[in-house]
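> Quick one, structure for this:
(chains A, B, C and D)
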2 protein chains.
Amino acid sequence: MPQHEPLPRDPIAEARRNWEREGWTQAAGPMAAVTSIMRAQQLLLGQADRILKPFRLTFSRYEVLALLSFAREHKMLMKKASALLQVHPTSITNAVDRLEDAGLVRREPVSTDRRAVNVALTLEGLEIVEQASRALNEQLFLTTGFEEQEVETIVAALSGFRARSGDFTAPENLPVSLPPSPPAAS
Amino acid sequence: MPQHEPLPRDPIAEARRNWEREGWTQAAGPMAAVTSIMRAQQLLLGQADRILKPFRLTFSRYEVLALLSFAREHKMLMKKASALLQVHPTSITNAVDRLEDAGLVRREPVSTDRRAVNVALTLEGLEIVEQASRALNEQLFLTTGFEEQEVETIVAALSGFRARSGDFTAPENLPVSLPPSPPAAS
DNA sequence: GGTCGATAGTGGTACGTCCAACTATAACGG
DNA sequence: CCGTTATAGTTGGACGTACCACTATCGACC
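Residues are numbered from 1 along each chain as shown, chains lettered A, B, ... in the order given. Here you go, the predicted structure:
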């Protein structure tokens, strides 16, 4: 499945040893973690794109569709999609351009703000995203081989990292020491 | 540091709840893990590129330099660099083009194989990569905020995943509970 | 009610990645 | 020795992302 044939040794483990030999022992672990994340992302994205190819989708376009499929009335402001998917607004413009060409979404004006644009899922878009979700679940998410415990650690550790990086506030997944109640149940 | 202001809630936790509500409970955890990895990579890469900007480097070009800095005589076949960094050969061509323009590496012919090309670090390249490594260690790897235990779990889980994906054989980092011997040592 | 700073979205550019196709060379097999 | 196949690297194109600059509109304040 990877585009190279397997290497005899793990290059990241190798890099970690190099780092330690260099005396950067404190940084070696996180370096390996960061590099592992980069490689894993590359593999996961490649795999996802391969799975989605029959649907003429890429993962980033799929993410837009999936987001809309959970939105009220299957529509959402461009701005909000950009914020929730945490990509640059131009990336949304790009994705929506292509999705619109494919007839999977529609741009709609917003009556209360003539600057803004709503993206709405079309019927065909809804069908496609349902099929694509099933394919991703079966062929990617259920086959990662991560153990339950690994999943939880990864999600928690990266959630903490994302929160620290300013991705979001209200770290709902951080250990236990939360202020008991954000007053609004929004 | 992120290009958006923080969201009030974690969109990945939200997506996980949506997945569960949809009945995809088995896939929900891995979906969250995969999505977390994708977002974390995006943040890490952006941060790395920002740190490397003063050196007129990107992370992928830095990776080439770092690889060479640990190689015998600071040189390596393009092919080998491509395999070790696990990117498509064209990505190496691209990176080496730019690094060569910047005077940080040099292409050299290989006497024993006229198809092949060696990439060699220049003196300036060696200086730059040392400074860049220090900057990355201080500003990225030492500041991820990952706890020791998280680092080890991430590295181990992703190492297992990469091995299963065919990235490399000889899973040196896998826990202990392996099927003692797949009969063929292929 | 007009000015002036924020905001929503888009166009253009730069960069990294992959893929398909291509050139040149090497290695193998008759 | 020659034809076939494999390998190393490059070129050109598609796509996703970020950044900058720009337009249009909103909103807030005097």
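> Longest helix in chain A, by number of residues?
Counting residues, the longest helix found in chain A (DSSP state H) is helix A:25-52.
> And the helices in chain A?
Here chain A has its helices, by DSSP H, at A:11-21, A:25-52, A:59-69, A:78-85, A:89-101, A:123-139, A:148-164.
> ok, is the longest helix of chain A in contact with chain B or not?
Yes. Helix A:25-52 comes into contact with chain B (Cβ under 8 Å from any Cβ of the partner chain), by way of A:26-27, A:29-34, A:36-45, A:47-48. C-beta here means a position set from N, CA and C on the backbone, and glycine is covered the same way.
> Among the residues you listed, which ones lie close to DNA strand C?
A:Gln42 (Cβ under 7 Å from any atom of the strand).
> Which among the residues of helix A:25-52 next to chain B count as buried?
Among those, those scoring as buried are A:27, A:29-34, A:36-45, A:47-48 (criterion: 16 or more other Cβ atoms under 10 Å in any protein chain shown).
> hmm, back to that, most tightly surrounded among the helices of chain A?
Ranked by mean neighbour count, those are led by helix A:59-69 with a mean of 22 (mean count of other Cβ atoms under 10 Å in any protein chain shown).
> hang on, the earlier thing: export the helices of chain A as a markdown table, with columns for mean pLDDT.
Output for these, formatted as a markdown table (pLDDT from 0 to 100):
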| stretch | mean pLDDT |
| --- | --- |
| helix A:11-21 | 95 |
| helix A:25-52 | 96 |
| helix A:59-69 | 97 |
| helix A:78-85 | 95 |
| helix A:89-101 | 96 |
| helix A:123-139 | 96 |
| helix A:148-164 | 94 |
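> Same list (the ones you listed) but as a markdown table, adding distance to B:Arg9.
Output for the helices of chain A, formatted as a markdown table (distance: least, Cβ to Cβ, whole Å):
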| stretch | distance to B:Arg9 |
| --- | --- |
| helix A:11-21 | 33 |
| helix A:25-52 | 23 |
| helix A:59-69 | 14 |
| helix A:78-85 | 10 |
| helix A:89-101 | 19 |
| helix A:123-139 | 22 |
| helix A:148-164 | 11 |
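> residue contacts, the closest residue to A:Leu121 other than its chain neighbours?
Nearest residue to A:Leu121 in three dimensions, chain neighbours excluded: A:His74, at 3.9 Å (Cβ to Cβ, 6 or more residues apart in numbering or on different chains). By Cβ atoms under 8 Å, 6 or more residues apart in numbering or on different chains, A:His74 lies in contact with A:Leu68, A:Ala120, A:Leu121, A:Leu126.
> next one: the longest helix of chain A to chain centre, how far?
Here helix A:25-52 is found 13 Å from its chain centre; the criterion is Cα atoms, centre = their mean, to the nearest Å.
> Can you confirm whether it lies near DNA strand D?
No. Using Cβ under 7 Å from any atom of the strand, we find that helix A:25-52 stays clear of DNA strand D, coming within 8.0 Å at best.
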